[in-house]
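Trainee: dropping a prediction and its sequence here:
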Amino acid sequence: MNWRIPLSDVDFDDAELQAVTDVLKSKWLTMGAETQRFEQAFASFIGVKHAFAVSNATVALHLANAALGIGAGDEVLVPSLTFVATANAVKYTGATPVFVDITSKDDLSISPTAIEAAITPATKAITVMHYGGYLCDMEAINAIAGKHHLAVIEDAAHAPGTELNGKKAGTFSDAACFSFFSNKNLVTGEGGMIVTDRDDLADKIRLMRSHGMTTLTWDRHKGHAHSYDVVALGYNYRIDEIRSALGLTQLGKLPKNNERRREITNWYRAQLSEVDELTIPYLQRPGLSAAHLFPILLDSKIDRTAFIDQMKQRGIQTSIHYPPIHQFTYYRQQNGKNNKSLPLTESVGQREVTLPLYPTMSAEDVKQVVNAIKDSISSAHK
Ligand SMILES: *Cc1c(COP(=O)(O)O)cnc(C)c1O
């Protein structure tokens, strides 16, 4: 498809070309100086002690669960209205993801009340996901976690730069995971980061990222070591220098680009307030969102499939965040009779549409999307 207005777009220019070219010229392609610089810059941006760049956010989530010692027999509370990786990462450890409903049709993130109701003696952790870049109610969630001695993981794939009272997403948990996939706010193609303030988790993550080896190829190249031991079961979850160089360059643009995303969000909010047949979540959220997504909820009298098709005919790409995980064939088979219904998640899963949102969008683009919505809605009545 040649979209007139795509769902997302990448903000690359000569700076990224130069950064990648410099890495290629250096001929050091695996984890090295660029990766260290990217990790240090990211840690300082988020305001956290340790940051480890990895191949993607899915493996970051696996490392977070594994480093916390989660395994067979354990339960981890997760949202269902998220990308499937949030739950898969729990399965990789042998533990069971237990799906929890969202707060409301205004706050599409995991509900603190529903979290508390889902806790059993087997519960070890809660994974939250800051939907669209809007921070979950971390005060309530961390209070529950404290009371029940549960670990907290943030799936912060949507939320690099999200903040509340000067504290960034990624600092509200034991470990937080970011994604640099091609449609996220900070793009390296494939790529991710896991951050933590806990030294004990950092020691485990450092080992597990690279085969459980006590020294890295980079250390040996620098003459700091000549051999290694393997002291834990590890993985190859490393990133490469090309992606780290891209990430460092993109990190420099992130504050400005997030600001632009918030501006575009405000244009959408103002222009869509006059459209009756939809609602807009997160209108009154405190703090600063990374504004990764702009979700709308269509009224039940609108046929979503017809609406999306009408938008497509006008050259405008939309998406759905998300088809609920507990309704996927694999998870229905896994959960069997224990597959509880999650009414709010299921309702939002049927009515949500995500509109185009990216920093290089113009005011004219937004106007075109809004006009297309008005036309599409009137021809998508059930
Ligand atoms: C993109 C995304 C992931 C997975 O990220 P990858 O880097 O593609 O592995 C996980 N969780 C959420 C909420 C995401 O949006």
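Mentor: Nice, I can see it.

Trainee: now the helix or strand K91 falls within - C-alpha only, PDB.
Mentor: Using DSSP states H and E, K91 maps to helix 85-92. Only the C-alpha atoms of helix 85-92 are listed here, as PDB (Å, rounded to 0.1, in the frame of the first residue of the first chain):
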ATOM      1  CA  ALA A  85       5.400 -10.200  24.000                       C
ATOM      2  CA  THR A  86       4.400  -8.900  27.500                       C
ATOM      3  CA  ALA A  87       2.900 -12.300  28.200                       C
ATOM      4  CA  ASN A  88       5.200 -14.500  26.100                       C
ATOM      5  CA  ALA A  89       8.200 -13.300  28.200                       C
ATOM      6  CA  VAL A  90       6.500 -14.800  31.300                       C
ATOM      7  CA  LYS A  91       5.900 -18.100  29.400                       C
ATOM      8  CA  TYR A  92       9.600 -18.300  28.400                       C
END
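
Trainee: that one close to the ligand?
Mentor: Yes. Taking CB under 6 Å from any ligand atom as the criterion, helix 85-92 and the ligand are in contact, through A85, T86. C-betas here are computed from N, CA, C, even on glycine.

Trainee: which helices and strands does that helix pack with?
Mentor: If contacts are counted by 3 or more CB pairs under 8 Å, 6 or more residues apart in numbering; DSSP states H and E, helix 85-92 sits against helix 57-67, strand 75-79, strand 96-100, strand 123-129.

Trainee: quick one: which of these is nearest A87?
Mentor: Checking the helices and strands packed on helix 85-92 against A87 by CB to CB gives strand 96-100 as the closest, at 4.1 Å.

Trainee: buried set for that closest one?
Mentor: Of the residues in strand 96-100, T96, P97, V98, F99, V100 count as buried by neighbour count, 16 or more other CB atoms under 10 Å.

Trainee: quick one: which of those residues is nearest the ligand?
Mentor: Set against the ligand, the nearest of the buried residues of strand 96-100 by CB to the nearest ligand atom is P97 (12.9 Å).

Trainee: contacts only, for the closest one.
Mentor: By CB atoms under 8 Å, 6 or more residues apart in numbering, the residues touching P97 are E75, V76, L77, V78, T86, A87, V90, K91, I325.

Trainee: try it again at 6 Å.
Mentor: The contact partners of P97, by CB atoms under 6 Å, 6 or more residues apart in numbering, come to V76, V78, A87, V90.

Trainee: same question for I316.
Mentor: Applying CB under 6 Å, 6+ apart to I316 gives the contacts I5, V369, A372.

Trainee: how about residues contacting the helix holding K91?
Mentor: Counting by CB under 6 Å, 6+ apart, T58, L61, H62, N65, V76, V78, P97, T127, M129, D155, I325 sit against helix 85-92.

Trainee: and if you look at stretch 188-200?
Mentor: 42, 46, 48-54, 56-57, 60, 63, 170, 175-180, 182, 202, 205, 239, 243, 246-247.

Trainee: do it and the ligand meet?
Mentor: Yes. Under the criterion of CB under 6 Å from any ligand atom, stretch 188-200 makes contact with the ligand via G192.

Trainee: for the chain, which helix is longest?
Mentor: The longest helix of the chain (DSSP state H) is helix 241-272.

Trainee: enumerate the residues of the stretch 101-250 of the chain near the ligand.
Mentor: Residues of the stretch 101-250 of the chain lying near the ligand by CB under 6 Å from any ligand atom: M129, D155, A157, H158, S179, F181, G192.
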